[in-house]
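> got a sequence here, can you model it:
(2 chains)
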Amino acid sequence: AQTVTQSQPEMSVQEAETVTLSCTYDTSENNYYLFWYKQPPSRQMILVIRQEAYKQQNATENRFSVNFQKAAKSFSLKISDSQLGDTAMYFCAFMKSNTGTASKLTFGTGTRLQVTL
Amino acid sequence: NAGVTQTPKFQVLKTGQSMTLQCAQDMNHEYMSWYRQDPGMGLRLIHYSVGAGITDQGEVPNGYNVSRSTTEDFPLRLLSAAPSQTSVYFCASRGAGTYNEQFFGPGTRLTVL
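Numbers count the residues shown, from 1 in each chain, chains lettered A, B, ... in the order given. Okay, here's the model as predicted:
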């Protein structure tokens, strides 16, 4: 079974600064996908960024980027130029690449990020 | 295109009552799932379906039933509600292709007294 660990329950960052959220995972699989989801106070789950395990290049989406270290089983999220709208709960998630287990996302416990003025 | 819809948004039940949480998607997605979100525990998979007529258990299936008679709908049934089932429930769907994005519904907040 897979496990996902987010060791930072809460973090705070000032507007325009950079913040990094940590995520580690444990799996015996070689092919898998990793995701970061954002959950604002509206409760809606929003996909922020995703990474395929077989790709060495780190994924980027505008101000969001990841540092994927496969050997260390680490998948951190960096938010640059933080904005007030980034205030939310952030979840790291894991999914096997086997289509027979499609939709089986394993989530971490989340990191609550507060962006301040 | 409404995406993934869930009804109701809020519900209060008494212990022992039954109810069905509705989930529908209009994207012709094969894969649908139900998750529950509890404070400090992230989202956990309850049941999932890889197509009409095919369902399987997730991490926390006890106390819940599902069926998938159509591609569009994936209802979650609580046969005899318990206070431990107080939670926020999310339905999600995903199209074929292992890298496709999983779309989540807006969630249902359920309280069992």
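> taking the centroid of chain A, which residue is nearest it?
The residue lying closest to the centre of chain A (C-alpha atoms, centre = their mean) is A:W36, at 2.9 Å.
> assign that residue to helix, strand or coil.
strand (DSSP: H, G, I helix; E, B strand; the rest coil).
> contact partners for residue 83?
Reading this off chain A. Each residue near A:Q83 by C-beta atoms under 8 Å, 6 or more residues apart in numbering or on different chains is listed here: A:15, A:63, A:115. (Each C-beta comes from the backbone N, C-alpha and C, glycine too.)
> nope, chain B please
B:15, B:112-113.
> can you tell me which of those is nearest B:S80?
Nearest to B:S80 out of the contacts of B:P83 is B:T15 (C-beta to C-beta; 8.1 Å).
> so the closest one makes contact with B:S84?
No - the criterion here is C-beta atoms under 8 Å, and B:T15 misses it with B:S84 at 10.0 Å.
> pull out the buried members of the contacts of B:P83.
B:V112 (16 or more other C-beta atoms under 10 Å in any protein chain shown).
> looking at the contacts of B:P83, spot the one nearest chain A.
The shortest approach to chain A among the contacts of B:P83 belongs to B:V112, at 18.8 Å (C-beta to the nearest C-beta).
> circling back to that earlier point, show me the contacts of B:P83 that map onto strands.
Using DSSP state E, the members of the contacts of B:P83 that fall within strands are B:V112.
> Serialize the contacts of B:P83 to a markdown table and add fields for distance to chain A.
Shown next, in a markdown table, are the contacts of B:P83 (distance: C-beta to the nearest C-beta, whole Å):
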| residue | distance to chain A |
| --- | --- |
| B:T15 | 25 |
| B:V112 | 19 |
| B:L113 | 21 |
